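> Quick one, fold the following:
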Amino acid sequence: MNDEIKFPANVILIDVAFLNETVCSAKNFLENKLGRKLPDIDLPAWLSYLALDAGLREGENEVEVLLVHTQAGHVLRCCEPSDVDKLNHQACRTPLGEFAFSSVTSSGFVSTEELFLDLMNLALDSADVKCLMLLPFHQVYGSRVEEKLAGFFKDKSEEEKGKAVYFTLEEPMEPVHCRWEPVIYSLAHVLGIKSDEL
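Got it, this is the predicted structure:
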């Protein structure tokens, strides 16, 4: 399987359920806090902000966006575009480079969690991948992603530890030995929320 998958230098691995549950809940929370309706999330713009947080800069970067989901969960609830099936094999260009989308569906034999972990492991092991941006559904996965990251990066050099960027709402309870970034700042930015409003 490892020989069949060719990754570009930059990969964003997203569990669609995380986006639909956690990200939409955060958007609703911010709407209530600010007392105003917020726009749907511009998906390419948000992914660009995530990539900037991960260290990418303007250029001809190639970014593969892997959207992991169940067969039933193919709609991005608070995003535009929202149809995962229509996004599959599509691409868009931003000042950072080209973002290419792939829809990866879990079958009845494998859960989205197992599929996410398998893809994460393949990308971590790939010499081609220089930056792996991870957005798992960590509330459901528990500590499995964090344990894998901690085990993989524990004895690596500081430069090697920069390969993965773990995006969550809250800081991990245990060290993951790679970069951690809060997802809320990129969300606020794409929703047009100023830092002094948070």
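
> Show me how far stretch 52-68 is from its chain's centre.
Between the centre of stretch 52-68 and the centre of its host chain there is 10 Å, according to Cα atoms, centre = their mean, to the nearest Å.

> All the strands of the protein, in order from the start?
Listed in chain order, the strands found in the chain under DSSP state E are 10-15, 41-42, 61-69, 79-80, 91-94, 97-105, 131-135, 164-168, 179-182.

> Which strands or helices does the one helix or strand in the chain whose mean pLDDT sits lowest pack on?
Among the secondary structure pieces of the chain, namely its helices and strands, helix 138-141 has the lowest mean (mean pLDDT, DSSP states H and E), a mean of 88. Helices and strands in packing contact with helix 138-141 are listed as helix 16-18, helix 112-125; criterion 3 or more Cβ pairs under 8 Å, 6 or more residues apart in numbering; DSSP states H and E. In short, each C-beta sits where N, CA and C put it, glycine included.

> Throw the ones you listed into TSV and include mean pLDDT and mean neighbour count, thanks.
Shown next, in TSV, are those (pLDDT from 0 to 100; neighbours: other Cβ atoms under 10 Å):
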stretch	mean pLDDT	mean neighbour count
helix 16-18	95	22
helix 112-125	96	18
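
> and of the ones you listed, who's closest to residue 62?
Closest to residue 62 of the helices and strands packed on helix 138-141, according to Cβ to Cβ: helix 112-125, at 13.8 Å.

> Kindly format the C-alpha coordinates of that closest one as PDB.
Once side chains and other backbone atoms are set aside, the C-alpha atoms of helix 112-125 remain, and they are given as PDB (Å, rounded to 0.1, in the frame of the first residue of the first chain):
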ATOM      1  CA  THR A 112     -12.700   6.700   9.800                       C
ATOM      2  CA  GLU A 113     -10.400   6.600  12.800                       C
ATOM      3  CA  GLU A 114      -8.500   3.600  11.500                       C
ATOM      4  CA  LEU A 115      -8.400   5.100   8.000                       C
ATOM      5  CA  PHE A 116      -7.100   8.500   9.400                       C
ATOM      6  CA  LEU A 117      -4.400   6.700  11.400                       C
ATOM      7  CA  ASP A 118      -3.300   4.600   8.500                       C
ATOM      8  CA  LEU A 119      -3.000   7.600   6.200                       C
ATOM      9  CA  MET A 120      -1.200   9.500   9.000                       C
ATOM     10  CA  ASN A 121       1.300   6.700   9.400                       C
ATOM     11  CA  LEU A 122       1.900   6.500   5.600                       C
ATOM     12  CA  ALA A 123       2.500  10.200   5.400                       C
ATOM     13  CA  LEU A 124       4.800  10.200   8.500                       C
ATOM     14  CA  ASP A 125       6.800   7.400   6.900                       C
END
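
> got the angle for that helix vs strand 97-105?
Following axes from the mean of the first three to the mean of the last three Cα atoms, to 10 degrees, one obtains 140 degrees for the angle between helix 112-125 and strand 97-105.
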